[in-house]
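Chemist: the sequence isn't on hand, but the structure is:
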């Protein structure tokens, strides 16, 4: 289980003073249950209450997903926050939680049911192979990379207790389903997993980089000619986190097509 506050358990709560656009409600995740709190100021950004002040660690009225599924879903989505892999530590999801997290990906939209993406779980005992690939990829890009730079590249393979590579296949199945549609499907699958990790009380992050397109990494994961390593998903217990960033409001990204 994630680290718990001695009184109430693992929780997310609004960060006092955060300058962010208003949200209809605030929320807390306590012992895996989403809750709302109308007494605190409403923000769209969230941070771990245990990393802030004790007064934010509080048990609030649970949101019943059956009676108010829209509010429950909104709280879950707003509670998701990127936590850098170096700040994600053990323990990670257990076998049951991992199965649920991977299963969440199956609910992503998939035009013509191509299943154009796959997930590769990289367990602890295989991390050294990934580290070697990261180091080799750096040397391919920069033959003059120092020993310290090579060590830093290799170290990235050992961050976060759960590490998953997302691979998208641009050529499998019906060619009328283009790469953009396939990427959208993979993106939805990724978001489903991130939300599941959040609901389970874990932190998560997406990482990419030049190494994902390198020959050492493509060889390690036996990627076909039409396959692309898109990103890595890291999941684990939050050791520390940065203040939550302000979220955009619909006005920032929504436009309406005008009638003639």
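Modeler: Received it, and whenever you're ready, just let me know what you need. As the structure is a computational prediction, the values presented were derived from the model and not from experiment.

Chemist: quick one: list the elements packing against the biggest helix by length in the chain.
Modeler: Ranked by number of residues, the top helix in the chain under DSSP state H is helix 179-199. Here helix 179-199 touches helix 69-79, helix 95-104, strand 117-121, strand 162-169, strand 203-207, strand 227-238, going by 3 or more CB pairs under 8 Å, 6 or more residues apart in numbering; DSSP states H and E. C-betas here are computed from N, CA, C, even on glycine.

Chemist: okay, now the sheet partners of the fourth one, with direction.
Modeler: The reference is to strand 162-169. Take DSSP bridges as the rule and strand 162-169 pairs in its sheet with strand 117-121 (antiparallel), strand 227-238 (antiparallel).

Chemist: buried stuff in that strand?
Modeler: Within strand 162-169, the residues scored as buried using 16 or more other CB atoms under 10 Å are 162-169.

Chemist: closest to residue 190 among those residues?
Modeler: Relative to residue 190, the closest of those is residue 166; by CB to CB it sits at 6.2 Å.

Chemist: list just the nearest of the buried residues of strand 162-169 to residue 112.
Modeler: Closest to residue 112, out of all of the buried residues of strand 162-169 and judged by CB to CB, is residue 169, at 13.1 Å.

Chemist: ok, back up a step: nearest approach to residue 249 belongs to which of the helices and strands packed on helix 179-199?
Modeler: Here helix 69-79 is closest among the helices and strands packed on helix 179-199 (CB to CB), at 12.1 Å.

Chemist: chain center to the following helix or strand past that closest one: distance?
Modeler: Per DSSP states H and E, the first helix or strand lying C-terminal to helix 69-79 is strand 88-89. Centre-to-centre, strand 88-89 and its host chain are 13 Å apart (CA atoms, centre = their mean, to the nearest Å).
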